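*Asks:* this is a predicted model, with the sequence first.
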Amino acid sequence: MNVATPVRPRHSPCIGVCKLDEQSGFCLGCARTGDEIAAWASLDESGRNAIWQKLPDRLTALAVRIRLMPWTGDEILDWVAGTIMERRGTWVTGMPGAIAEFPCQPARSVSVSTGPDFIVGRADDALFRLRATDRLRAFAFDGDGPIVLGQSRARLDESKPEHFTALGTDQNAIDADHRGQALFDFGLGRRFSRFCIRTGNAEFADRLNALAGLSWREVFAKAGAQILAESPTRVVASNLARIEVFSAIPPPGGRSPEGAHTHFLPQFFASGEEIPAALALPDYAAPVAVFYPGNPPE
(Lines give C-alpha, C1' and ligand atoms only; values in the text may rest on other atoms or scores of the structure.)
Protein backbone atom coordinates (compact mmCIF):
# COMPACT_ATOMS: atom_id res chain seq x y z
CA MET A 1 0.00 0.00 0.00
CA ASN A 2 1.36 3.43 -0.94
CA VAL A 3 1.13 6.08 1.76
CA ALA A 4 0.90 9.65 0.46
CA THR A 5 3.44 12.12 1.81
CA PRO A 6 1.65 14.77 3.90
CA VAL A 7 1.49 18.17 2.22
CA ARG A 8 3.06 20.93 4.30
CA PRO A 9 0.48 23.65 5.07
CA ARG A 10 0.91 27.11 3.55
CA HIS A 11 2.44 29.41 6.15
CA SER A 12 1.40 32.95 7.04
CA PRO A 13 2.92 35.88 5.06
CA CYS A 14 3.70 37.72 8.32
CA ILE A 15 7.32 38.89 8.74
CA GLY A 16 6.84 40.58 12.10
CA VAL A 17 6.29 44.12 10.75
CA CYS A 18 2.67 44.60 11.79
CA LYS A 19 1.63 48.12 10.81
CA LEU A 20 -1.11 49.11 8.38
CA ASP A 21 -0.38 51.74 5.75
CA GLU A 22 -2.91 54.53 6.30
CA GLN A 23 -3.33 55.27 2.58
CA SER A 24 -3.66 51.76 1.14
CA GLY A 25 -4.85 49.82 4.17
CA PHE A 26 -2.19 47.15 3.53
CA CYS A 27 0.24 45.89 6.16
CA LEU A 28 3.72 47.34 5.58
CA GLY A 29 5.25 43.93 6.27
CA CYS A 30 3.05 41.35 4.56
CA ALA A 31 0.72 43.51 2.40
CA ARG A 32 -2.47 41.90 3.71
CA THR A 33 -5.48 43.95 4.77
CA GLY A 34 -6.58 43.98 8.38
CA ASP A 35 -9.55 41.76 7.51
CA GLU A 36 -7.30 39.25 5.74
CA ILE A 37 -4.98 39.09 8.74
CA ALA A 38 -7.91 38.54 11.12
CA ALA A 39 -9.39 35.80 8.91
CA TRP A 40 -6.14 33.96 8.17
CA ALA A 41 -6.38 31.31 10.91
CA SER A 42 -9.86 30.24 9.77
CA LEU A 43 -9.10 30.02 6.04
CA ASP A 44 -8.56 26.77 4.17
CA GLU A 45 -5.62 26.27 1.82
CA SER A 46 -7.55 27.62 -1.15
CA GLY A 47 -8.37 30.82 0.71
CA ARG A 48 -4.79 31.28 1.90
CA ASN A 49 -3.39 30.70 -1.59
CA ALA A 50 -5.81 33.28 -2.98
CA ILE A 51 -4.42 35.89 -0.60
CA TRP A 52 -0.81 34.95 -1.38
CA GLN A 53 -1.49 35.55 -5.08
CA LYS A 54 -2.54 39.14 -4.38
CA LEU A 55 0.55 40.07 -2.39
CA PRO A 56 3.30 40.58 -5.03
CA ASP A 57 1.57 43.54 -6.69
CA ARG A 58 0.74 45.06 -3.32
CA LEU A 59 4.31 44.69 -2.08
CA THR A 60 5.58 46.38 -5.23
CA ALA A 61 3.18 49.28 -4.70
CA LEU A 62 4.37 49.58 -1.09
CA ALA A 63 8.06 49.44 -2.18
CA VAL A 64 8.74 46.65 0.32
CA ARG A 65 12.30 45.40 -0.21
CA ILE A 66 12.22 42.04 1.61
CA ARG A 67 9.50 39.57 0.67
CA LEU A 68 8.60 36.30 2.32
CA MET A 69 7.92 33.74 -0.40
CA PRO A 70 4.88 31.43 -0.09
CA TRP A 71 6.93 28.27 -0.66
CA THR A 72 6.64 25.35 1.75
CA GLY A 73 9.74 23.35 2.69
CA ASP A 74 9.04 20.81 -0.06
CA GLU A 75 8.63 23.57 -2.63
CA ILE A 76 11.90 25.15 -1.48
CA LEU A 77 13.72 21.85 -2.06
CA ASP A 78 12.26 21.63 -5.56
CA TRP A 79 13.31 25.19 -6.31
CA VAL A 80 16.84 24.61 -4.95
CA ALA A 81 17.18 21.53 -7.17
CA GLY A 82 16.23 23.71 -10.13
CA THR A 83 18.86 26.35 -9.34
CA ILE A 84 21.55 23.67 -9.34
CA MET A 85 20.47 21.61 -12.33
CA GLU A 86 19.68 24.69 -14.44
CA ARG A 87 22.98 26.25 -13.28
CA ARG A 88 21.50 29.60 -12.30
CA GLY A 89 23.89 30.96 -9.67
CA THR A 90 25.84 30.28 -6.48
CA TRP A 91 24.87 28.91 -3.05
CA VAL A 92 26.64 30.33 0.01
CA THR A 93 26.72 29.36 3.67
CA GLY A 94 28.52 30.95 6.58
CA MET A 95 28.96 34.43 8.01
CA PRO A 96 30.56 37.65 6.72
CA GLY A 97 34.26 36.86 6.32
CA ALA A 98 33.94 33.08 6.71
CA ILE A 99 31.88 31.51 3.95
CA ALA A 100 31.77 28.59 1.54
CA GLU A 101 30.55 28.90 -2.04
CA PHE A 102 28.95 26.17 -4.15
CA PRO A 103 28.77 27.58 -7.70
CA CYS A 104 26.31 26.17 -10.21
CA GLN A 105 27.07 28.17 -13.33
CA PRO A 106 26.66 26.93 -16.94
CA ALA A 107 30.22 25.59 -17.28
CA ARG A 108 30.05 23.56 -14.05
CA SER A 109 29.48 19.81 -13.93
CA VAL A 110 26.95 19.38 -11.13
CA SER A 111 24.29 16.86 -10.15
CA VAL A 112 21.48 16.58 -7.62
CA SER A 113 20.21 13.77 -5.42
CA THR A 114 17.22 13.98 -3.11
CA GLY A 115 15.74 12.32 -0.05
CA PRO A 116 12.42 12.70 1.76
CA ASP A 117 13.44 15.96 3.46
CA PHE A 118 16.78 16.97 1.94
CA ILE A 119 18.63 17.71 -1.28
CA VAL A 120 22.33 17.25 -2.11
CA GLY A 121 24.19 19.10 -4.83
CA ARG A 122 27.38 17.44 -6.05
CA ALA A 123 30.46 18.66 -7.90
CA ASP A 124 34.03 17.36 -8.09
CA ASP A 125 35.24 20.07 -5.71
CA ALA A 126 32.32 20.40 -3.26
CA LEU A 127 29.07 19.07 -1.84
CA PHE A 128 26.03 21.10 -0.78
CA ARG A 129 23.20 19.77 1.37
CA LEU A 130 19.99 21.47 2.44
CA ARG A 131 17.44 19.96 4.80
CA ALA A 132 13.81 21.10 4.91
CA THR A 133 11.52 21.46 7.91
CA ASP A 134 8.15 23.10 8.48
CA ARG A 135 10.08 26.14 9.72
CA LEU A 136 12.19 26.69 6.59
CA ARG A 137 11.36 29.94 4.77
CA ALA A 138 12.57 31.78 1.65
CA PHE A 139 13.01 35.57 1.57
CA ALA A 140 13.50 37.43 -1.71
CA PHE A 141 15.39 40.72 -2.01
CA ASP A 142 15.23 43.45 -4.65
CA GLY A 143 13.26 41.68 -7.37
CA ASP A 144 15.79 39.45 -9.11
CA GLY A 145 18.34 39.78 -6.31
CA PRO A 146 19.51 37.21 -3.75
CA ILE A 147 17.16 34.82 -2.02
CA VAL A 148 17.93 34.02 1.61
CA LEU A 149 16.72 30.84 3.26
CA GLY A 150 15.95 31.19 6.94
CA GLN A 151 14.27 29.26 9.71
CA SER A 152 12.45 30.16 12.89
CA ARG A 153 14.73 30.81 15.86
CA ALA A 154 12.21 29.15 18.18
CA ARG A 155 13.76 26.09 19.86
CA LEU A 156 16.90 26.55 17.77
CA ASP A 157 20.19 25.67 19.46
CA GLU A 158 22.17 28.89 19.18
CA SER A 159 25.30 27.85 21.10
CA LYS A 160 28.50 27.64 19.06
CA PRO A 161 32.13 27.34 20.26
CA GLU A 162 34.17 30.49 20.82
CA HIS A 163 37.53 28.70 20.74
CA PHE A 164 39.12 26.12 18.46
CA THR A 165 37.21 22.94 19.29
CA ALA A 166 37.63 19.26 18.41
CA LEU A 167 34.17 17.96 17.53
CA GLY A 168 35.13 14.30 17.12
CA THR A 169 34.31 12.40 13.96
CA ASP A 170 32.06 14.12 11.45
CA GLN A 171 28.93 12.02 11.86
CA ASN A 172 26.94 14.65 9.95
CA ALA A 173 29.15 14.43 6.84
CA ILE A 174 27.22 14.40 3.58
CA ASP A 175 28.91 11.22 2.30
CA ALA A 176 29.29 8.20 4.56
CA ASP A 177 32.95 7.78 3.50
CA HIS A 178 33.82 10.97 5.38
CA ARG A 179 32.01 10.25 8.65
CA GLY A 180 35.06 8.74 10.31
CA GLN A 181 37.19 11.83 9.67
CA ALA A 182 38.02 14.33 12.42
CA LEU A 183 36.15 17.66 12.48
CA PHE A 184 37.40 20.89 14.09
CA ASP A 185 35.45 24.12 14.66
CA PHE A 186 37.45 27.35 14.46
CA GLY A 187 35.27 28.85 17.21
CA LEU A 188 34.16 32.09 15.59
CA GLY A 189 31.34 32.44 18.10
CA ARG A 190 28.43 33.01 15.73
CA ARG A 191 24.98 31.82 16.79
CA PHE A 192 23.75 30.29 13.56
CA SER A 193 26.75 29.04 11.55
CA ARG A 194 30.18 27.54 12.01
CA PHE A 195 33.41 27.31 10.01
CA CYS A 196 35.24 23.98 10.37
CA ILE A 197 38.01 21.90 8.84
CA ARG A 198 37.98 18.12 8.45
CA THR A 199 40.79 15.66 7.95
CA GLY A 200 41.38 11.94 7.58
CA ASN A 201 45.10 12.37 8.28
CA ALA A 202 45.57 10.97 11.81
CA GLU A 203 48.90 12.74 12.38
CA PHE A 204 47.46 16.09 11.31
CA ALA A 205 44.37 15.49 13.46
CA ASP A 206 46.60 14.87 16.48
CA ARG A 207 48.33 18.19 15.81
CA LEU A 208 44.97 19.96 15.67
CA ASN A 209 43.71 18.23 18.81
CA ALA A 210 46.65 19.74 20.69
CA LEU A 211 45.41 23.21 19.73
CA ALA A 212 41.91 22.79 21.22
CA GLY A 213 40.90 25.68 23.48
CA LEU A 214 43.01 28.28 21.66
CA SER A 215 41.60 31.21 19.71
CA TRP A 216 41.58 30.99 15.93
CA ARG A 217 44.37 33.60 15.89
CA GLU A 218 46.57 31.41 18.08
CA VAL A 219 45.79 28.39 15.92
CA PHE A 220 46.95 30.20 12.79
CA ALA A 221 50.06 31.48 14.56
CA LYS A 222 51.03 27.98 15.65
CA ALA A 223 49.79 25.84 12.76
CA GLY A 224 48.77 28.12 9.89
CA ALA A 225 51.53 26.91 7.59
CA GLN A 226 50.65 23.28 8.26
CA ILE A 227 46.95 23.93 7.64
CA LEU A 228 47.78 25.62 4.36
CA ALA A 229 50.06 22.76 3.30
CA GLU A 230 47.55 20.08 4.31
CA SER A 231 44.61 21.99 2.73
CA PRO A 232 41.94 20.04 4.64
CA THR A 233 38.29 19.91 3.66
CA ARG A 234 36.46 23.04 4.79
CA VAL A 235 33.00 22.45 6.24
CA VAL A 236 30.78 25.52 6.59
CA ALA A 237 27.37 24.84 8.05
CA SER A 238 24.22 26.37 9.47
CA ASN A 239 21.49 24.39 11.22
CA LEU A 240 19.93 23.16 7.94
CA ALA A 241 22.59 23.75 5.28
CA ARG A 242 26.15 22.51 4.81
CA ILE A 243 28.81 23.05 2.14
CA GLU A 244 31.93 20.86 2.10
CA VAL A 245 34.77 22.21 -0.07
CA PHE A 246 37.60 19.96 -1.26
CA SER A 247 39.58 22.39 -3.44
CA ALA A 248 43.04 23.53 -2.36
CA ILE A 249 43.42 26.57 -0.10
CA PRO A 250 45.21 29.30 -2.07
CA PRO A 251 48.41 30.75 -0.59
CA PRO A 252 48.33 34.18 1.11
CA GLY A 253 47.67 36.77 -1.58
CA GLY A 254 46.64 34.09 -4.06
CA ARG A 255 43.34 33.94 -5.92
CA SER A 256 40.53 31.60 -4.98
CA PRO A 257 39.90 28.83 -7.53
CA GLU A 258 37.21 29.37 -10.15
CA GLY A 259 34.98 26.65 -8.72
CA ALA A 260 33.90 25.95 -5.16
CA HIS A 261 35.98 27.68 -2.51
CA THR A 262 35.95 29.26 0.93
CA HIS A 263 36.86 32.69 2.30
CA PHE A 264 38.38 33.22 5.75
CA LEU A 265 38.80 37.00 6.04
CA PRO A 266 39.26 38.17 9.65
CA GLN A 267 38.85 41.85 8.74
CA PHE A 268 35.11 41.18 8.45
CA PHE A 269 34.70 39.39 11.79
CA ALA A 270 34.58 42.49 14.00
CA SER A 271 31.01 43.34 13.02
CA GLY A 272 29.73 40.15 14.61
CA GLU A 273 27.12 39.88 11.85
CA GLU A 274 25.50 36.55 11.05
CA ILE A 275 24.66 37.66 7.50
CA PRO A 276 25.49 40.77 5.42
CA ALA A 277 23.47 43.73 6.69
CA ALA A 278 21.90 44.23 3.26
CA LEU A 279 20.34 40.75 3.57
CA ALA A 280 19.22 40.94 7.20
CA LEU A 281 16.15 38.83 7.96
CA PRO A 282 13.19 39.56 10.23
CA ASP A 283 14.01 39.14 13.91
CA TYR A 284 12.26 35.77 14.16
CA ALA A 285 14.40 34.14 11.44
CA ALA A 286 17.92 32.68 11.57
CA PRO A 287 19.92 32.55 8.30
CA VAL A 288 20.41 29.15 6.67
CA ALA A 289 21.90 29.79 3.20
CA VAL A 290 21.94 32.45 0.47
CA PHE A 291 21.38 32.00 -3.25
CA TYR A 292 23.00 34.62 -5.51
CA PRO A 293 21.84 34.63 -9.13
CA GLY A 294 25.01 34.67 -11.20
CA ASN A 295 28.10 35.23 -9.06
CA PRO A 296 28.08 36.31 -5.39
CA PRO A 297 29.72 39.62 -4.48
CA GLU A 298 33.34 39.24 -3.42
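*Replies:* Looks like it came in fine.
*Asks:* per-domain residue ranges of the protein.
*Replies:* If you go by automatic domain parsing, the domain ranges for the chain are 1-64, 71-298.
*Asks:* run the chain-centre distance for the last one.
*Replies:* Average the C-alpha atoms of domain 71-298, do the same for its chain, and the two points are 7 Å apart (CA atoms, centre = their mean, to the nearest Å).
*Asks:* report the rounded mean pLDDT for it.
*Replies:* Across domain 71-298, the average pLDDT comes to 94.
*Asks:* cool, and the shortest one?
*Replies:* Averaging pLDDT along domain 1-64 yields 87.
*Asks:* for Ser152, what are its contacts?
*Replies:* Arg135, Arg137, Tyr284, Ala285, Ala286 (CB atoms under 8 Å, 6 or more residues apart in numbering). All C-beta spots, glycine's among them, are computed from the backbone N, C-alpha and C.
*Asks:* all the helices of the stretch 51-200 of the chain, residue numbers only.
*Replies:* Using DSSP state H, counting those that start in this stretch, the helices of the stretch 51-200 of the chain run over 73-85.
*Asks:* all strands for it, in order.
*Replies:* Ranges of strands within the stretch 51-200 of the chain are 66-68, 89-95, 98-104, 111-114, 118-123, 126-131, 136-141, 147-152, 165-169, 182-185, 193-199, based on DSSP state E, counting those that start in this stretch.
*Asks:* what does stretch 261-278 contact?
*Replies:* Here stretch 261-278 has contacts from 94-101, 141, 148, 186, 188, 190-193, 195, 216-217, 234, 236, 245, 247, 249-250, 256, 281, 286-287, 290, using CB under 8 Å, 6+ apart.
*Asks:* among these, name the buried ones.
*Replies:* 94-101, 141, 148, 186, 188, 190-193, 195, 216, 234, 236, 245, 247, 249, 281, 286-287, 290 (16 or more other CB atoms under 10 Å).
*Asks:* re the thing from before, switch the contacts of Ser152 over to TSV; also include distance to Pro116.
*Replies:* As requested, those are exported to TSV (distance: CB to CB, whole Å):
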residue	distance to Pro116
Arg135	17
Arg137	20
Tyr284	26
Ala285	24
Ala286	23
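*Asks:* which strand of the chain spans the most residues?
*Replies:* Using DSSP state E to assign secondary structure, the strand with the most residues in the chain is strand 285-293.
*Asks:* direction included, what does that strand pair against?
*Replies:* Here strand 285-293 has these sheet partners by DSSP bridges: strand 89-95 (antiparallel), strand 147-152 (antiparallel).
*Asks:* out of the ones you listed, which is closest to Asp124?
*Replies:* Of all those, strand 89-95 sits nearest to Asp124, with 16.0 Å by CB to CB.
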